[in-house]
Structures are given as C-alpha cells and as structure tokens.
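Participant: what shape does this take:
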Amino acid sequence: MIRALLIAGFGTLATILLALAGGWLSQTLRLRKRQVVGGVVVCGLLLTLVGAVALLPNDDARDRPEEGSAVPAASLAELAPELLDERILTIDDSADHPSLFASRPDGTARTLVWDMPDSWPAAVVPGTNDFIVSAPWEERSTERLEVFSSQGTFQRALTFPVALESDTSPTYASVTKRVYFIRQSWRDTGNGSRVSPQSRIMEASLDGSSAPRVISTPGFEMRTASVSTDGRTLAGQCVDKKDDSAQVCLISLAKSGAKRLPGNERAAPSEVSISADGRYVAYSSPATNLYGESQVYVYDGRTETTMMVTRLAGFNGHPAWAPKARKPCLAFTHFERPQGASIHITCLSPEPVTVAAAPIGSIPVWLP
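Facilitator: Numbering: from 1, shown residues only. Modelled structure (predicted):
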C-alpha cells in the first residue's frame, strides 16, 4: 500500500513539473497546445514507470540472509521439537582442560561424563553405554581403537596396530555391527619427527572376532571415515594420490564402487559426516563465503547437488546428523570470539534453517 502511494505521488509530482516546464516551452518555442499536452502526458507516464521500477522490492536483497546470523530466526522447539528429548555429548574446553558433558541439545540437564577424554569425537554403540575412541597406546607409542563406557571407564582394546601405525576416525554401522576406521602408516624422518605416507580405510568386527581388512580405494586415500547405519555407504575426507588435494569421497560398500563428490575439489573439506540413511553428506569448508571463516555444506545424494547450509560468522564445523529427527537435522560447532564455542542445529525443511542450541560445547555426538 505504501509503495503504491509513493509511486502515485511520484507520478503526480512528475506530471506537475512537466506541465510547468511545458507551459514555459510552449511560450518559448511557440508550440501548439495539443503538442505540449501530449508531450507532458507521455513523459509523465514514462517517469511514473521509471519510479515504479525503482521502488520495486529487490528480490536478491530480500532473500539474502544477514551476515553472521541464523536465518530465519526460530527456536529448536519450533524447528524440531522431537530433538528436545534427545541427548548429545559435547566437549567443553572453556576450563583449564577439556571435559565431556551430556545434555539435551538445548544445553539443559547438563552433566559431566568424563573429565579428560584422550580423543574425540567417538563412535557411539547403540543399545549399549559404550563408545569407541582412538586412544594413545603408550606401549607402542601409537594410537589404537578402544571401547569405553559412557562414564569414561576403559572396557577393552579393539585394534592392535603394529609400530609406526595409528588407528583413527572410528565409525560404527549398527545394522551390520561393523567398525570402520583409518589406519595411518608413519615413517621416521629423524630428529624425533615422522610423516604419514599412506592411509587406508579398514573394516573390523565390534567383538574382535575377525582381523581388520583393508577396503580398496583406487586413485585416492581416505583420511577420515563416516558410515551409514546400514553399513552400505562410507564417506570421508580423501586425497588424490597424484597431487594430494583434499576432497570428499563416497564408497559404496554394497556395490564395491567409489567416487569423488563434485564441486569441492578446491574447498579443503574436512569433518565429513554421512546421515544415518546415507542420503546426505555434510562437511565443513573454509571456501570463500560472505559470512564467516568456514561453513557447513551438505551434498544430497538423491539430487546430486551441494548447498551451503550455514551462514554464520566465525568457525562452523564438526557436523553430526541427528539419528531420530523427523527431517534431516544436524548439530555443529559454532565458534565466534569472544563468545567461545557453542552448538547450533540446522534442519533441511526443505530450505536450511539454523537455530542456536547449547550455549557451551563443541564437537557434538548424538546419543542413540
């Protein structure tokens, strides 16, 4: 309504000014009255049209979210109320040393779980109080996979790498009860330093009944691992063997196939996480954007498209898919000085909507 009045007022003012100018021109140039009136009407209509176009809303400006904000604004109760009753594990490093806490996604009912975890994130084992972490193995000066209780009590060792090998990035497929992880091989370079010339993705049984086996990845090496619940699809950060450039790769365990996701060849992706059903792959990237240091991106395997799902200042990463949400939702770390680290949640509904969740914490892991 206001825009219509502005356009009408602009047209009226333009016509009056043109009429005055037309009267002066008719006397100066001795034009006929009919010519003056016609010219005034035509010019008035043209100026009114120009004003209307200028006052039209700018769709790009209207649709563009404000930099550094969660857009559109909503609460977790409005976005995904079923998540309020879930539990999430987060690291709080605001004190002198990191501590593991369990809480609701909004940060309420917060309790200390473990005072000093050696490694995080972990792979949670559904139906138990256990999770799998990559922990220091002092006997061989390396890292192996170990099973801990939810209170941080050591249960058992899961892998036994030889010297100059480390097992990291555990992930668990609850349907097949298989554990996947990255085995890094190291080479001493002297002066107490070493490099990792090779990394392989491995598969093992949770009960240790079978020795770990290597999963072939021709043309690239996996550096991290994340598996779907049914154990059919693996995702992770990978590097090309030719130029060592980082990408996101998918491995179909059911069809023995592998591919690199398009569009992130130079995006330096990291912290890759696949959804429980295997459709979505989320990752963090510092690729140039209008908002912050890094954002979370999601690849949709069904449409084969990638979109930036966060638009926040600072660092945004460590995405973790909510296993029990009615729609695709993920929690992630948001770090912005001087506030520190907090947890935000984004849901694809179908457009991404982001809300602030737990006010303290980082590197979220959902409890089943």
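Participant: C-alpha from now on. contacts and neighbour counts both.
Facilitator: Fine.
Participant: how about the residue lying closest to residue 86 once chain neighbours are set aside, what does it touch?
Facilitator: Of all residues beyond its chain neighbours, the one nearest residue 86 is residue 104 (5.8 Å), with distances taken as Cα to Cα, 6 or more residues apart in numbering. Contacts for residue 104 were tallied using Cα atoms under 8 Å, 6 or more residues apart in numbering; they are 84-88, 110, 358.
Participant: same check, this time on residue 326
Facilitator: For residue 326, the set of contacting residues under the criterion of Cα under 8 Å, 6+ apart consists of 80, 82.
Participant: isn't there a strand covering it?
Facilitator: No - secondary structure assignment places residue 326 outside any strand; it is coil (DSSP: H, G, I helix; E, B strand; the rest coil).
Participant: picking that back up, for the contacts of residue 104, please prepare CSV with the additional fields pLDDT, neighbour count and distance to residue 252.
Facilitator: What follows is these, written out as CSV (pLDDT from 0 to 100; neighbours: other Cα atoms under 10 Å; distance: Cα to Cα, whole Å):
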residue, pLDDT, neighbour count, distance to residue 252
84, 95, 16, 33
85, 94, 11, 33
86, 96, 18, 30
87, 95, 20, 30
88, 95, 22, 28
110, 95, 16, 38
358, 96, 23, 34
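Participant: if we only consider these, which is nearest to residue 139?
Facilitator: For these, the closest approach to residue 139 (Cα to Cα) belongs to residue 88, at 32.6 Å.
Participant: ok, the closest one to residue 324 distance?
Facilitator: Separation of residue 88 from residue 324 (Cα to Cα, to the nearest Å): 12 Å.
Participant: got it, and residue 309?
Facilitator: In this view, residue 309 and residue 324 are 20 Å apart by Cα to Cα.
Participant: and if you look at residue 74?
Facilitator: Relative to residue 324, residue 74 is positioned 20 Å away (criterion: Cα to Cα).
Participant: residue 368 too?
Facilitator: Taking Cα to Cα as the measure, residue 368 and residue 324 are separated by 8 Å.
Participant: what's the answer for residue 241, then?
Facilitator: Taken as Cα to Cα, the spacing of residue 241 relative to residue 324 amounts to 37 Å.
Participant: same check on residue 183?
Facilitator: If you go by Cα to Cα, the gap between residue 183 and residue 324 works out to 30 Å.
Participant: okay, those two: which has more neighbours?
Facilitator: Counting neighbours by other Cα atoms under 10 Å for residue 183 and for residue 324 shows that residue 183 has the greater number, 24 against 15.
Participant: check contacts around that one.
Facilitator: 165-168, 199-202.
Participant: residue 175 too?
Facilitator: With contacts defined as Cα under 8 Å, 6+ apart, the neighbours of residue 175 are 229-231.
Participant: please point out which parts of stretch 260-278 sit buried.
Facilitator: Residues of stretch 260-278 classed as buried under the neighbour-count rule (16 or more other Cα atoms under 10 Å) are 260-261, 264, 267-276, 278.
Participant: can I get that stretch as CSV, trimmed to CA atoms?
Facilitator: Extracted in CSV, the C-alpha atoms of stretch 260-278 (Å, rounded to 0.1, in the frame of the first residue of the first chain):
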residue,chain,number,x,y,z
ARG,A,260,34.6,-38.2,-5.5
LEU,A,261,31.9,-35.7,-4.8
PRO,A,262,31.8,-32.9,-7.4
GLY,A,263,32.2,-29.2,-6.6
ASN,A,264,34.6,-29.4,-3.6
GLU,A,265,37.9,-30.0,-5.3
ARG,A,266,39.5,-26.8,-4.1
ALA,A,267,37.3,-26.3,-1.0
ALA,A,268,39.6,-28.0,1.5
PRO,A,269,36.7,-30.0,3.0
SER,A,270,37.0,-31.7,6.4
GLU,A,271,35.0,-33.2,9.2
VAL,A,272,32.8,-35.3,6.9
SER,A,273,29.6,-36.8,8.3
ILE,A,274,27.1,-39.0,6.5
SER,A,275,23.4,-39.2,7.5
ALA,A,276,22.0,-42.4,9.0
ASP,A,277,20.2,-43.3,5.8
GLY,A,278,23.2,-42.5,3.6
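Participant: identify all contacting residues around it.
Facilitator: Around stretch 260-278, the neighbours that count as contacts under Cα under 8 Å, 6+ apart are 224-230, 232-237, 245-250, 280-287, 306, 317-321, 323.
Participant: wait, doesn't residue 251 sit right on residue 233?
Facilitator: Yes - with contact defined as Cα atoms under 8 Å, residue 251 reaches residue 233; the gap is 5.7 Å.
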